[in-house]
Every structure is written in C-alpha cells, then in structure tokens.
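1. sequence first, predicted model second:
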Amino acid sequence: MDTDDFQPFEIIDGDYDGGMVLLADHAMNRLPARYGDLGLPEDAFRRHIAFDIGIEGLTRRLADILNVPAVLGCFSRLLIDPNRGEDDPTLIMKISDGAIVSGNHPITQEEWDFRLTTYHRPYHRAVEQTISRASASGRAPLVLSLHSFTPFWRETPRPWHAGVLWDTDDRVVVPLIEQLRLPGDIVVGDNEPYDGA
C-alpha cells in the first residue's frame, strides 16, 4: 500500500544528556493524502478533535530554549491516536466531539492494522529510541508529554490555564505546580482536567 512518503514523526535533536525528553503526541493535524479529509469539513482540522492546538509551537520553543530532544507526532489523532494503547477502543474514532468521522467507519481489520504499523508504531518506536538515547548516560530523563485542552468541554467551563497530570512520582510535579502558580493569577490544575493515573 502507498504511504505517500508520509513521515509519522519528527525528532528534534537536542542535548541527549540534558536530562529531559519532550513528547507532543498530538502536535499536528495532518493526514496522508490517501485519506483525503476522512469525510470531515476543513474546519474540523482546526479544532481540538484533530490535534492539540498550539502544542507544536510550544514544544519546538521549549526544545530550543532547554536544548533538549523532542518527538512530535506528525499525523492527526483522527487518523489514529498515538496517545492510546493498541487495544484502546478509542484508538480510531468514529465520532469525535459530535463530528462523525465517516472515513473511519466502517474500518476493516486490514486498515486498522495498516494504520497501527504505518503510523502509530513508528511514532512509538521513535519515542522509545529517543528516551533510550537520552538514558545512555545512565541517568533516566524526565519525560514530559505536552498536550493542550479546550476552555470548554461539552459546555462545561474548564477554569485552568494549565494542568499538570501525573501518577505516583511527585518529585517534579510539586515544584512545577508551585512555580506555575507563583504569578498568583494562573489557575493550575493538579491532575485536572484529566487524571494522570
């Protein structure tokens, strides 16, 4: 099958001994030419359903300022979501925030497997290789996955300017949240709007 020479990821080089790797799973809203527009209007690709708005630029800027490596996903989450496990039923969405993705329904097992092997898995291999390279010094890097969220979800306001999502290790989380809250007028979610566990 033709893949249109579509690159599913981009690696931004930096100091691999710098102790950090940035990830932007939903950096871009692009689709390989073979998928057209997945049956969606053009404006759908400017919405959060297609990508994390603003994250590509933020990731590039942080990687530059901090001189650390980053991995960016180059395909829209509407094609296949790199922030989902392979067995997740929301890996390829048929409906996203009210938008019917007709190009994803019906989908054959062959097409499902093709998207996994052509886009999802290569992105994750790039992430693993980048983290491995950054770990070569013997020190595990901080892996910071960057996302954005909408100010409203299904008409419910989200008051946070930023959210820090985490699970059990709070060594970075506590000082990060404290620093983000220093200006006093920034609302920072602690595992909001999603739970990092």
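-> Structure received.

2. now for the spatially most central residue of the chain: which residues touch it?
-> The residue lying closest to the centre of the chain (C-alpha atoms, centre = their mean) is residue 25, at 2.2 Å. Counting by C-beta atoms under 8 Å, 6 or more residues apart in numbering, residue 25 makes contact with 52, 73, 77, 81-83, 123, 145, 147. Using the backbone N, CA and C atoms, a C-beta is placed for each residue, glycine as well.

3. residues near residue 7, how many?
-> When neighbours are counted by other C-beta atoms under 10 Å, residue 7 registers 15.

4. so residue 163, which state does it fall into?
-> Put simply, residue 163 is strand when judged by DSSP: H, G, I helix; E, B strand; the rest coil.

5. let's verify the nearest residue to it once chain neighbours are set aside: helix, strand, or coil?
-> Spatial nearest neighbour of residue 163, excluding adjacent residues (C-beta to C-beta, 6 or more residues apart in numbering): residue 189 at 3.6 Å. With three-state DSSP as the basis, residue 189 sits in strand.

6. distance of residue 189 from residue 162?
-> Separation of residue 189 from residue 162 (C-beta to C-beta, to the nearest Å): 7 Å.

7. likewise residue 135?
-> Here residue 135 is placed at a distance of 27 Å from residue 162 (C-beta to C-beta).

8. also residue 10?
-> Residue 10 sits 24 Å away from residue 162, taking C-beta to C-beta as the criterion.

9. who has more neighbours, those two?
-> Set residue 10 next to residue 162 and count neighbours by other C-beta under 10 Å: residue 10 wins out with 18 against 15.

10. quick check: chain neighbours aside, which residue is closest to the more buried one?
-> Ranked by C-beta to C-beta, 6+ apart and with sequence neighbours excluded, the top spatial neighbour of residue 10 is residue 72, at 4.5 Å.

11. so that neighbour is in which element?
-> strand 70-73 (DSSP states H and E).

12. so for that strand, what's the average pLDDT?
-> Averaging pLDDT along strand 70-73 gives 99.

13. could you export it as PDB, CA atoms only?
-> The C-alpha trace of strand 70-73 is given here as PDB (Å, rounded to 0.1, in the frame of the first residue of the first chain):
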ATOM      1  CA  ALA A  70      11.600  16.200  21.400                       C
ATOM      2  CA  VAL A  71       9.400  13.800  19.400                       C
ATOM      3  CA  LEU A  72       6.400  15.200  17.600                       C
ATOM      4  CA  GLY A  73       3.600  13.200  16.100                       C
END
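
14. what's in contact with it?
-> Strand 70-73 has contacts (C-beta under 8 Å, 6+ apart) with 8-12, 14, 21-28, 56, 59-60, 62-63, 82, 123, 126-127, 130.

15. neighbouring contacts of the worst-scoring helix or strand of the chain on mean pLDDT?
-> Ranking every helix and strand in the chain by mean pLDDT, DSSP states H and E puts strand 152-153 at the bottom, with a mean of 78. Contact with strand 152-153 is made by 158, 193, as judged by C-beta under 8 Å, 6+ apart.
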